[in-house]
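Quick check, what structure comes out for this input:
(one chain, ligands or ions: 1)
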Amino acid sequence: MESSSGKNSPEISSMENNSKQTFIIGVAGGSASGKTTVCDIITQQLQGQQIIVLSQESFYHGLSEQKLSRVHQYNFDHPDAFNTERLLSCLRSLKCGNEANIPNYDFKTHKNVSPERKVSPSDVIILEGILVFHDPRIRELMNVKLFVDTDADVRLAHRIYRDTVEKGRDITTVLEQYSKFVKPGYQDFIAPTKKYADIIIPWGRNNQVAIDLIVQHIKTKMGQHDICKFYSNLYVMQSTFQIRGMLTIIRDACTSKHDFVFYADRLIRLVVENGLGHLPFKEKQVNTPTSAVYIGVEFRRETICGVSVIRSGESMENALRACCKGIKIGKILIHKDAGEGEQLIYQHLPKDIAERHVLLLDPILATGNSAVQAISLLLEKGVPESNIIFLNLISAPQGIDMVCKRYPRIKIVTAEIELGLNENCHVIPGMGDFGDRYFGTY
Ligand SMILES: O=P(O)(O)OC[C@H]1O[C@H](OP(=O)(O)OP(=O)(O)O)[C@H](O)[C@@H]1O
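Model (predicted):
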């Protein structure tokens, strides 16, 4: 078995799951914390997008007659109260652009009733509920996770008002349910999921700063998501707090040269490892020390080489050498001139480059002009377009557009997509002049 692009590998299919489909926003938080208000605000602000709001409450298990007879003893604040498998299958279906039937849970009878709600696929799904971050498979499907963090006394006051005035329940029952289930449920199951949120919203009335923050974050993420949907050969590394933390350090103008190099090197290593995952592989079986057979894969390292774009691209060479022993690395120097555009000044490439897969190294993709120059040279040398993998740390959408439109078969692997370019064609938010910061020439 051999794959030319690694499309069969689990790593790549998980990247695709996260970047090429419907955009899912999860909104979690305690009961009566203001999740519905947050969903309303997001819906208003994302005009022009088709949005579906789903509530986790639609996925409550219907109660048997036996449980119904003791409904006040039933814990609606426990993860087991929800049909999570059904929620997962609906969400997966919608994420892939298919319809889904959403259960219709009746709060008066505590039964699932007909008809179910048929939901068509949309641009955005907002899933809200107390425990939407509890199951890792559901978290995995979310592009943005928000946690509405409201003081316990405010939540209790909202809940009393809602359950007595709006639902007609008596206060004693409401308070009993709160102390028996709602409060412990929050402490045991809901609060521990706060750590999975991208943004924790300190909720209160007229919290304009929080609203702006949420909407800006969602729009940034959606811009990235849209461009990934558009270009199937663009692979954005799955973001983790480790990766975001490192990007935060190297983007910070106050970071010392020493730290910049240290964290840039760590990130570059990850980008290189990701890029290598797109190389062809073939199946390989090995015997383990326990005499078991392991069916794995092996990469054909002899068919690859690196090409760095001087000078920032040279910062990526060590990571490539560390991953691929003895790899040949060619060099390209492109001179940027505002008047004359880009000029190729120097190139020295492996003689048999046309037979190799090429990992093109440059940490920044801005307008895309340098990348286009470098790629066109590789094509002139006979490298098939589909054999080029362009590795970088950050990419501006303008550069991605230019490279992907001209060379639809090359692959781009990047750690993050930027907001755009400023009037000087510098990447925003960016990290300044990478070469100067990495080599200490400022
Ligand atoms: O997409 P573009 O608009 O062409 O810009 C990207 C180029 O700019 C940076 O190099 P820079 O000119 O800063 O040179 P350096 O690597 O020598 O610092 C970067 O390393 C790319 O090569």
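
where are the low-confidence patches of the stretch 101-250 of the chain?
Scanning the stretch 101-250 of the chain for pLDDT under 70 picks out 204-206.

tell me which parts of it are close to the ligand?
Contact residues, the stretch 101-250 of the chain versus the ligand (Cβ under 6 Å from any ligand atom): none. C-beta coordinates here come from the backbone N, C-alpha and C atoms, glycine included.

What segments of the stretch 101-250 of the chain are helices?
136-141, 152-161, 171-177, 183-185, 208-230, 241-251 (DSSP state H, counting those that start in this stretch).

which helices and strands sit right next to the longest one?
Just to be clear, that refers to helix 208-230. Secondary-structure packing of helix 208-230 (3 or more Cβ pairs under 8 Å, 6 or more residues apart in numbering; DSSP states H and E): helix 10-19, strand 23-29, helix 35-45, strand 144-149, strand 199-202, strand 234-236, helix 397-406, strand 411-417.

contacts for it?
For helix 208-230, contacts defined as Cβ atoms under 8 Å, 6 or more residues apart in numbering pick out 19-21, 23, 25, 38, 41-42, 45-46, 49, 124, 143-144, 146, 198-199, 201-203, 234, 236, 397, 400-401, 416-417, 419.

Which positions are bridged to the residue lying closest to residue 46 once chain neighbours are set aside in the beta structure?
Using Cβ to Cβ, 6 or more residues apart in numbering and skipping the chain neighbours, the partner closest in space to residue 46 is residue 124 (6.4 Å). Beta-bridge pairing for residue 124 (DSSP bridges): residue 23, residue 51.

Tell me, how many residues neighbour residue 124?
21 (other Cβ atoms under 10 Å).

Mind telling me what element the residue nearest to residue 59 when sequence neighbours are not counted is part of?
Closest residue to residue 59 apart from its sequence neighbours, by Cβ to Cβ, 6+ apart: residue 87 at 4.4 Å. Using DSSP states H and E, residue 87 maps to helix 84-95.

tell me which element residue 283 falls in.
For residue 283, the host element (DSSP H and E) is strand 281-287.

hey, C-alpha coordinates of the helix holding residue 87 in CSV?
Coordinates of each C-alpha in helix 84-95 appear next as CSV, following Å, rounded to 0.1, in the frame of the first residue of the first chain:
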residue,chain,number,x,y,z
THR,A,84,-24.6,12.1,24.3
GLU,A,85,-24.2,9.4,21.5
ARG,A,86,-27.3,10.9,19.7
LEU,A,87,-25.9,14.4,20.1
LEU,A,88,-22.6,13.3,18.7
SER,A,89,-24.1,11.6,15.7
CYS,A,90,-26.3,14.7,15.0
LEU,A,91,-23.3,17.0,15.3
ARG,A,92,-21.1,14.8,13.1
SER,A,93,-23.8,14.6,10.5
LEU,A,94,-24.3,18.4,10.4
LYS,A,95,-20.5,19.1,10.5
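
The closest residue to the ligand within the stretch 201-350 of the chain: what's it in contact with?
The ligand sits closest to residue 312 of the stretch 201-350 of the chain, with a gap of 3.2 Å, by Cβ to the nearest ligand atom. Applying Cβ under 8 Å, 6+ apart to residue 312 gives the contacts 362, 363, 364, 434, 435, 438.

List, out of those, those positioned next to the ligand.
Among those, the ligand is touched by 362, 363, 364, 434, 435 when using Cβ under 6 Å from any ligand atom.

Count the neighbours of the residue nearest to residue 59 for me.
Residues near residue 87, counting by other Cβ under 10 Å, number 23.

pretty sure residue 36 contacts residue 129?
No: with contact defined as Cβ atoms under 8 Å, residue 36 does not reach residue 129; the gap is 10.6 Å.

of the two, who's got more company?
Using other Cβ under 10 Å as the criterion, residue 36 and residue 129 rank with residue 129 on top: 24 against 14.

What pLDDT is listed against the residue of the stretch 201-350 of the chain closest to the ligand?
With respect to pLDDT, residue 312 scores 96.

With residue 14 instead?
32.

on contacts alone, who are the packing partners of the helix holding residue 87?
Looks like helix 84-95 contacts strand 51-55, strand 100-106, strand 124-128, helix 136-141 (3+ Cβ pairs under 8 Å, 6+ apart).

ok now stretch 280-288, how far from the chain's centre?
The chain centroid and the centroid of stretch 280-288 are separated by 30 Å, computed with Cα atoms, centre = their mean, to the nearest Å.
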